[in-house]
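Colleague: coords below, sequence missing:
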């Protein structure tokens, strides 16, 4: 009995670690629940229940012994789809019997501590290039390509920089959009840029919560109403912060 309880507890720990990594990395709620249930089933625990929200995971497993339930708190969330793919790969290896319980735990711990994001300079360069391309996509003129690149790159760098010192998500996005609006206005005022609205729109696109909004809709369609509404509210507040930063700049024109 004691061995069975210990095994069940270890399986729960593996499932929760997999779910935690996926949820922190931008995975959908239904995908997190499905992955945890599949991992538990692969280790012989068929009767499991999970409740996942953007800020926490409750997982319960019923075996021949007493029912075991554990809760973990999710305090930070980001976008790292490579980690989600890596956890999915481990889940498939567990289901096929290629990885045992101990090996799965070790691999998941390595993924949890792994930093797979690109260096900041590459992120800023990508944001800068994307800003210019978005500006063109919204029917801007090529003369505004460089101003949009500069405003978008500086704005994204400001977002990352402000978030390190002020760990309030919406405040850092407000300041970043304010910087973008100010730079865009200065470019047009100096005659370097021509269309202020197109430069601003293209530059703020790197701050828009696209993945968050997509996950909110997918969770709602999958029946996870609490997670879908909470993610939708977070996306709305993020968009509101971006719009407010731009509005503050335009109000002084």
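Modeller: Okay, I see it. This one's a predicted model, so the numbers in the text were calculated from it and none came from an experiment. Numbers count the residues shown, from 1 in each chain.
Colleague: Report how many residues lie close to residue 110.
Modeller: The number of residues packed around residue 110, counting by other Cβ atoms under 10 Å, is 10. Placement of C-beta: from N, CA and C, glycine included.
Colleague: My guess is residue 183 contacts residue 149. True?
Modeller: No: under the criterion of Cβ atoms under 8 Å, residue 183 makes no contact with residue 149, lying 10.9 Å away.
Colleague: what's near enough to touch the nearest residue to residue 223 once chain neighbours are set aside?
Modeller: Here the nearest residue to residue 223 in space, its sequence neighbours aside, is residue 30; by Cβ to Cβ, 6 or more residues apart in numbering that works out to 7.9 Å. With contact set as Cβ atoms under 8 Å, 6 or more residues apart in numbering, residue 30 has these partners: 218-219, 222-224.
Colleague: Please enumerate the strands of the chain.
Modeller: 47-53, 56-62, 68-73 (DSSP state E).
Colleague: Show me which positions of the first one end up buried.
Modeller: It refers to strand 47-53. The neighbour-count check on strand 47-53 (16 or more other Cβ atoms under 10 Å) flags 48, 50, 52 as buried.
Colleague: Outside of that strand itself, list whatever touches it.
Modeller: For strand 47-53, with Cβ under 8 Å, 6+ apart as the criterion, the contacting residues are 15, 19, 23, 29, 32-33, 36-37, 40-41, 57-63, 224, 226-227, 230.
Colleague: Need the buried ones from those selected in PyMOL.
Modeller: Remark: buried members of those, expressed as a PyMOL selection using 16+ other Cβ under 10 Å:
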select buried, resi 15+19+23+29+32+33+36+37+40+57+59+61+63+224+227+230
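Colleague: Show me what stretch 220-240 is in contact with.
Modeller: For stretch 220-240, the external contacting residues (Cβ under 8 Å, 6+ apart) are 28-30, 52-55, 169-170, 173, 207-209, 212-213, 215-219.
Colleague: Now, the residues you listed that are in helices?
Modeller: For the contacts of stretch 220-240, membership in helices holds for 29-30, 169-170, 173, 212-213, 215-219, with DSSP state H as the criterion.
Colleague: Report the buried members of those residues.
Modeller: Listed as buried from the ones in helices among the contacts of stretch 220-240 are 29-30, 169, 173, 212-213, 215-216, 218-219; burial here means 16+ other Cβ under 10 Å.
Colleague: and of the residues you listed, the nearest to residue 143?
Modeller: Using Cβ to Cβ, residue 173 is the member of these that sits closest to residue 143, with 28.1 Å.
Colleague: what's the nearest residue to the closest one if we skip its chain neighbours?
Modeller: Taking Cβ to Cβ, 6+ apart as the measure, residue 173 lies nearest to residue 241, with 4.4 Å between them; neighbours along the chain are not counted.
Colleague: For that neighbour, the count of nearby residues, please.
Modeller: 22.
Colleague: thought it was touching residue 177?
Modeller: Yes: contact status for residue 241 versus residue 177: in contact at 7.1 Å, counting by Cβ under 8 Å.
Colleague: low-confidence ranges in the chain?
Modeller: Low-confidence regions of the chain, defined here as pLDDT under 70, cover residues 1-6, 64-65.
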